[in-house]
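Chemist: next one to model:
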Amino acid sequence: MLESGCKAVKEGMLEKRSDGLLQLWKKKRCILTEEGLLLIPPKHPPPPQQQQQPAPPAEPAAKIKELHFSNMKTVDCVERKGKYVYFTVVMAEGKEIDFRCAQEQGWNAAITLQMVQYKNRQAILAVRSTRQKQQHLAAP
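Modeler: Next up, the predicted model:
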């Protein structure tokens, strides 16, 4: 996603629950694209396509997590408690990633919408590919 130069659909802060024993909520700068969700530590410089000049590397690029829609199964478990909306991104391999954000930010809806649009585009491409193969085989 970083290399493909996808345009940002939504940008802002999300809190992600850590995998560790304490399961602390950590702020992440997030960029939602048509291909997936980028999770960037808040002190990390922006991805290359958004920088005007090269910044000194604060942290290695490995710290940026890419949650690609091709590996995402669902966005679910939406719960509203106090000022937060809690939701879970379920990856294809079964891994669950918990997030929270202020209710008015609507991250869960934006991620769900982009994921559905991505899956629809992939389904349309698959149907077109199948039809082209069938037409090619049927041609004398």
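Chemist: all strands of the protein, in order?
Modeler: With strands called from DSSP state E, the chain shows them at 8-17, 25-33, 36-40, 65-68, 72-81, 84-91, 96-102.
Chemist: in TSV: those, plus mean pLDDT and distance to residue 127.
Modeler: Every C-beta, even on glycine, is put in place using the N, C-alpha and C of the backbone. What follows is these, written out as TSV (pLDDT from 0 to 100; distance: least, CB to CB, whole Å):
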stretch	mean pLDDT	distance to residue 127
strand 8-17	95	25
strand 25-33	95	24
strand 36-40	96	22
strand 65-68	95	21
strand 72-81	90	21
strand 84-91	95	25
strand 96-102	95	30
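Chemist: of all these, which one is nearest residue 137?
Modeler: Smallest distance to residue 137 across those (CB to CB): 32.1 Å, for strand 65-68.
Chemist: note down every partner strand of that closest one and its orientation.
Modeler: Using DSSP bridges, strand 65-68 pairs in its sheet with strand 36-40 (antiparallel).
Chemist: for the strand it pairs with, what is the distance to the chain centroid?
Modeler: Computed by CA atoms, centre = their mean, to the nearest Å, the chain-centroid distance of strand 36-40 equals 5 Å.
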